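Visitor: Model the structure of this input:
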Amino acid sequence: MSDMSDMMKAMLGSMSKEEKLGMMSTMMETFFAGVSVQDRQKMMEQMMPKMMEGVNMMEMMPRMMMGMMPAMMGRSEGREGMTPVMGGCHGEGMGMMPQMMVQMMPNCVKMMLPGMPKEERMDFVSNMVATLVEQGSAGMSEEEKSEFVARILEKVTS
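Guide: Numbering: from 1, shown residues only. The predicted model follows:
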């Protein structure tokens, strides 16, 4: 065989789907052992369009996020609690998870909403806005809450 790519194609071609899936975790761990975060990010940017072809993001994202939550919260079997990865959910020094969500959520919404039926989209958006206003204004005085809502309305109507 002429190169590594041909060898991989030959090896993977003889494996069942189950064997490929079983091997993926081990291979990924080994492959990424010495790769920097920046290099992994570049790889993901290049690979994601190919990997996402034909994938229904509306079905996948909730399952993927729920699968990631225990790891992000520092939980493993038999161990509960927060770690520096998650940080606290309230107050300062919030850790990595809330910061990631602040960046990820708007992008997820931008990707998912256009594909939703109009009626579902309207229900989702109104529920999301109500939740954001309620949770975003928690602990605020009435004056602060009014200013908060005014800023939101200004942003929405501009």
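
Visitor: Quick one: mean pLDDT for the one helix or strand D6 maps to?
Guide: Assigned by DSSP states H and E, D6 falls within helix 4-13. Mean pLDDT, helix 4-13: 78.

Visitor: Pull the next helix or strand along the chain from it out as PDB, backbone CA atoms only.
Guide: Next along the chain after helix 4-13, taking DSSP H and E as the criterion, comes helix 17-31. Output in PDB follows, covering the C-alpha atoms of helix 17-31 (Å, rounded to 0.1, in the frame of the first residue of the first chain):
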ATOM      1  CA  LYS A  17     -19.800  -0.800  12.200                       C
ATOM      2  CA  GLU A  18     -19.800  -2.000  15.900                       C
ATOM      3  CA  GLU A  19     -16.100  -2.700  15.700                       C
ATOM      4  CA  LYS A  20     -15.400   0.800  14.300                       C
ATOM      5  CA  LEU A  21     -17.400   2.500  17.000                       C
ATOM      6  CA  GLY A  22     -15.800   0.400  19.800                       C
ATOM      7  CA  MET A  23     -12.300   1.300  18.500                       C
ATOM      8  CA  MET A  24     -13.100   5.100  18.200                       C
ATOM      9  CA  SER A  25     -12.700   6.100  21.800                       C
ATOM     10  CA  THR A  26      -9.300   4.300  22.200                       C
ATOM     11  CA  MET A  27      -8.000   5.700  19.000                       C
ATOM     12  CA  MET A  28      -9.100   9.300  19.800                       C
ATOM     13  CA  GLU A  29      -7.500   9.200  23.200                       C
ATOM     14  CA  THR A  30      -4.200   7.900  21.700                       C
ATOM     15  CA  PHE A  31      -4.300  10.300  18.700                       C
END
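
Visitor: measure T26 to M64 for me?
Guide: Look at T26 and M64: by Cβ to Cβ, to the nearest Å, they are 20 Å apart. (C-beta placed from N, C-alpha, C; glycine too.)
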